[in-house]
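Q: quick one, structure for this:
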Amino acid sequence: MSTTGIELKTRRRGLAEAVELVSSMRFAIALLMMIAIAAIIGTVMKQDQPTPDYINQFGPFWATVFDRIGLYSVYSAWWFLLILAVLIVSTALCVTRNAPRMLRDMRSWRDSVREESLRNFHHKTEWTSGLAAVPLATQTAQRLGNAGYRVKLVDKAGGVLVAAKKGAGNKFGYIFAHTAIIVILLGGLLDSNLPIRFQEWFMGKTPYTSGELTTRNRLGLSNPSFRGTTNIAEGKSSNTVVIPRADGILLQDLPFTITLNKFIIDFYSTGMPKLFSSEVTIRDHETGKTFPAKIRVNEPLIYRGVAVYQSGVDDGGSKLKLTGYPMTGTGDATFAIDGEVNSTTTLKGSGNEYTVEWSGFRPFNVENMNTEGDLRKVSKTQSFDEQFAQALSQHSGSAAKNANNKDLKNVGPSVQYKLRDKTGQAREFLNYMQPVTLEGAQVYLAGVRNNPSDAFSYLRIPADDQHGVREWMRLRAALADPALRQEAARRYAERALPQPNANAALAAQLQESAAKTLGLFAGDEGQGEGGFMGVSKFLERIPKAEQEKAANVFMKMLNGALWELWQAARARAGEGPAEPTEAHGRFLQLATNALSDSFFYGAPVYLALDEFTEVKASGLQVTRSPGKKVVYLGCLLLVLGIFAMFYIRERRIWVWVRGDDQGGAHAMMAMSTQRKTLDFEREFEDLKTVLPQSA
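A: Numbering: from 1, shown residues only. Below you'll find the model as predicted:
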């Protein structure tokens, strides 16, 4: 088969060369390679992500370059759709050029051969028979017919030609396979965003960015193809879906209204989700008909050509009750605060005004609690969620396979919010409601990040004897109070010296050192940096030879002074001293680490979740895909074409029969096929044996 294209007979050489190129097989193969490369890019690079994510990953320059050439939405890029359209044209021209010739060849008997030409075939044989030429030709034709061949007898000068063929349908493989490519690509174009682009180009539709919605931002019911999403809270309804665009969104009207009656989540014993389903009521706008339906994962609702899939779960505005703990200053008074997911709350205090933007709530968080797993490796600089994801990524496939995994535990609810100041700057926080056991100790995880593309870094607040954070908050406030630090230094000096009155100068010096140690750790000394960072900067001013010794002395004094600071804070609150047990020593060690990390927390308040009333929302994907059936037809043609090309073998046989001088006949047989296989060789040997046999 020639790889050249259609050769037009025209004086316009450029047109003739262009048509030949586009209709050639080599051009179609090149387009297929380009589509394959684009598909690889679209698979490797995450598609349709927020622009800041790409800037963070590739940098400002390359992020802009990749955006310009459409790599962030490859399958809807204009050049990708253009390649598909040109490939359709190219393949159609290839089929137009080759199909008629193939059909003619399938019908042809190729009966113009001569006896001499049959001798040039590789697979040939000859024999003589006592039958005359015509009876022998008739007998040969009958035997070939019994072998499944279609046979034709042709009278020739000096003899009779028996022409036989089988498997001519092999050429349907080429026709079906190439037609399948055209049909599948047409279906892909129908289900692409090409109809939406057409409305944007020629019908004035524009994505909505801000301001008032207009008809220019909405797509009508006549839109032939779309793919959008809608989130519906329990008890709420929706008759539109959101279609994301590069510079905004478009709203697609639906011919019916979806009302979410109940969203159902089933769990395994480990706490992992087992089933998502939505119980909905559908009301047809045209007829007023209403009916209930249930949408499950992989079990969509299909009505009036629109398919509604269960794609996720979201929050529909859960009601939250929290307790606020100040993270700055000497105040340790708490306050109550209420919130609702997807809304905002004003937070006033400390001379600053903040807005709390409640962005998310999760009633369960299933994590890997294996002591050998990544949960033990959570650090202040690595994402807690990333660590969990790394552990869980080792277990791909259905969640059912993890149903009996004892390492997977539900660590409880979490709340996510942003604190935005008067200048518009915001930091995002993620706090867990219940303590999590890490390295044998229970800690409250308080995550923080500056950008949505960053991973959360976690402050680990140790749980006290009442399984709360109040003792640590009390210790934090005491560390910020100079008077309590002085009291703690005095207590430390008294405890360190058996008879402090006997050596007042040494006691005063020890008290001053303890106060300076607490002040340095609190950030009141030096350059204002607190925690271990401030300690590190202080130790850098000491000669290197003395740094290790000074660090040991400093840490011993810090631990002792912090213990006394804790006791002084409890005494001020009217509570008795904490018992010097191993558990309290462990608490103080974790509290010290958390106090050091708190200088990087960057929030004036810590919000602890106390109560919640969950309002679930169902995430639905709504599509109209008229090209789906077209693609199914193309897939059927592709299967038939591949089957025909690989499993139907075309074979042709010619037998030239001529009479001899003794009243008998001489037969010359030749056989050919496109692919020489062992089956073909066996068939030829069988025919060499069967055809010459006497009746």
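Q: contacts only, for the closest residue to V448 other than its chain neighbours.
A: In space, V448 comes closest to F429 once its chain neighbours are excluded; the distance is 5.4 Å by C-beta to C-beta, 6 or more residues apart in numbering. Just so you know, the C-beta spots here come from the backbone N, C-alpha and C atoms, and that holds for glycine as well. Residues in contact with F429 (C-beta atoms under 8 Å, 6 or more residues apart in numbering) are Q416, Y417, K418, L419, A446, G447, V448, A603, L607.
Q: hmm, try it at 10 Å
A: Contact partners of F429, counting by C-beta atoms under 10 Å, 6 or more residues apart in numbering, are 356, 359, 415-419, 446-449, 456, 459, 601-603, 605-607.
Q: low-confidence stretches in the chain?
A: 1-5, 7-10, 269-272, 349-352, 368-408, 499-502, 525-528, 695 (pLDDT under 70).
Q: looking at it, which strand is longest?
A: Counting by DSSP state E, the longest strand found in the chain is strand 248-267.
Q: just the helices in the stretch 251-400 of the chain please.
A: 384-392 (DSSP state H, counting those that start in this stretch).
Q: can you tell me the SS state at V113?
A: Three-state call for V113 (DSSP: H, G, I helix; E, B strand; the rest coil): coil.
Q: of the contacts of F429, keep whichever come out buried.
A: By neighbour count, with 16 or more other C-beta atoms under 10 Å, those hold 356, 359, 415-419, 446-448, 456, 459, 601, 603, 605-607 as buried.
Q: V639 belongs to a helix, doesn't it?
A: Yes. Counting by three-state DSSP, V639 is located in a helix.
Q: still on that earlier bit, buried sites along the longest strand of the chain?
A: Those would be L250, L251, Q252, L254, F256, T257, I258, T259, L260, F263, for strand 248-267 by 16+ other C-beta under 10 Å.
Q: got the phi and psi for the closest residue to the fourth one other than its chain neighbours?
A: Of all residues not flanking L254 in the chain, N239 sits nearest, at 5.0 Å (C-beta to C-beta, 6+ apart). Taking degrees, to the nearest 10, you get phi -130, psi 20 for the backbone angles of N239.
Q: please, which helix or strand holds L430?
A: strand 426-432 (DSSP states H and E).
Q: returning to what we had before: from S457, how far off is the residue nearest to V448?
A: For F429, the distance to S457 (C-beta to C-beta, to the nearest Å) stands at 11 Å.
Q: if I look at the two, which residues touch both of them?
A: Each of A446, G447, V448, R449, Y601 lies in contact with both F429 and S457 under the rule C-beta under 10 Å, 6+ apart.
Q: take the residues you listed and lay them out in JSON lines including distance to C94 and secondary structure.
A: Listed next are these as JSON lines, based on distance: C-beta to C-beta, whole Å; DSSP: H, G, I helix; E, B strand; the rest coil:
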{"residue": "A446", "distance to C94": "64", "secondary structure": "strand"}
{"residue": "G447", "distance to C94": "58", "secondary structure": "strand"}
{"residue": "V448", "distance to C94": "60", "secondary structure": "strand"}
{"residue": "R449", "distance to C94": "54", "secondary structure": "strand"}
{"residue": "Y601", "distance to C94": "66", "secondary structure": "coil"}
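Q: got a list of what A480 touches?
A: Contacts for A480 (C-beta under 10 Å, 6+ apart) come out as P326, M327, T328, G329, T330, G331, D332, A522, G523, D524, G530, L595.
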